[in-house]
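Participant: Structure, please.
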Amino acid sequence: MLRTELLLNRLDEIGKVLERKGNALLLLGLGSVGIELGRLDEYSDLDFFVIVAPGQTKRFIDHLDWLEETYPLAYHFKNSDVGHKIMFEDGVYGEFAIFEESELESAVYPEGRIVWKAPLYKNEAIAKSVKSFPRIKSLSVDYSLNEALTNLYVGLCRYARGEKLSATRFVEGYALNSIISALHLLEPEVDYYPDPFGNERRVEKIYPEFSKRLEKMIQGYDRVPESAIHILQYLEEVFPVNKRVSTEIRNLAKR
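Facilitator: Numbering: from 1, shown residues only. I've put the predicted structure just below:
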């Protein structure tokens, strides 16, 4: 059986067990096992919500017999008050959360696919959050690219001081994050399942031209100055970079 089939079948089986157990109302598949089935592949995992009857959340969070009956668990870790990260004995990994219907009324979550629902449960609209996601894309090229520029400077100062881990995060993390948040203002986007929680997700498909440069922008712990120069060069191509700041960045990189 293909991995993709295994994942979808496992989710269907979870729904069948929930139906037998009772007190569950709806199973909602999210992400690549949700409405984004077009990107499901052999590296996908199970991401799902279970909506339960009032007063039943603790039962489903604290006792995972409903999962064990689906397939034996090799690992589980309660990573939040509402759910677990899990791995089944056959290597299928997943993350889930348990909610009552009322708890999702004020929540922000991605639209899901109804995998199973109790016959008498009618609220199919719960598959989609009524609240909008907070904005993660920048509205200002000026703000984001100046933020990236200053991240390069601070990062290289820390590198010169010997704080190489912090430098790596500033240059290859924060600076790049700022640029990626504004990429939609700098080059055409490919419409490929944008993630409302993280601009870096699927950036290689959404911004293929920029992604060709990433290898030189992320050279690692011992090559932070080299990464910084390539990021600076990109900034200078797309934005009127302050000459004094760029000179200081280059001088720091040479050290």
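Participant: helices or strands up against the helix or strand hosting V224?
Facilitator: Assigning secondary structure by DSSP states H and E places V224 in helix 224-238. Contact partners of helix 224-238 among helices and strands, from 3 or more C-beta pairs under 8 Å, 6 or more residues apart in numbering; DSSP states H and E: helix 141-161, helix 164-168, helix 176-181, helix 214-217, helix 243-254. (Glycine included, C-beta is placed from N, CA and C.)
Participant: out of those helices, which comes closest to L46?
Facilitator: The stretch from these with the least distance to L46 (C-beta to C-beta) is helix 176-181; that distance is 27.4 Å.
Participant: ok now the helix holding V224, how far from the chain's centre?
Facilitator: 26 Å (C-alpha atoms, centre = their mean, to the nearest Å).
Participant: i'd like the first residue to be 2 from this point on
Facilitator: With 2 as the first residue, the last one maps to helix 225-239.
Participant: Give me the contacts around that helix.
Facilitator: Counting by C-beta atoms under 8 Å, 6 or more residues apart in numbering, the neighbours of helix 225-239 from elsewhere in the structure are 146, 149-150, 153, 156-157, 160, 165, 168-169, 172-173, 176-177, 180, 187, 214, 217-221, 242, 247, 250-251, 253-256.
Participant: domains of the chain?
Facilitator: 4-128, 142-255 (automatic domain parsing).
Participant: could you dump those domains to a markdown table with distance to F134 and mean neighbour count?
Facilitator: Below are these laid out as a markdown table (distance: least, C-beta to C-beta, whole Å; neighbours: other C-beta atoms under 10 Å):
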| stretch | distance to F134 | mean neighbour count |
| --- | --- | --- |
| domain 4-128 | 6 | 16 |
| domain 142-255 | 4 | 17 |
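Participant: Tabulate the ones you listed in CSV, adding columns for mean pLDDT and distance to R136.
Facilitator: Shown next, in CSV, are the domains of the chain (pLDDT from 0 to 100; distance: least, C-beta to C-beta, whole Å):
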stretch, mean pLDDT, distance to R136
domain 4-128, 96, 12
domain 142-255, 96, 9
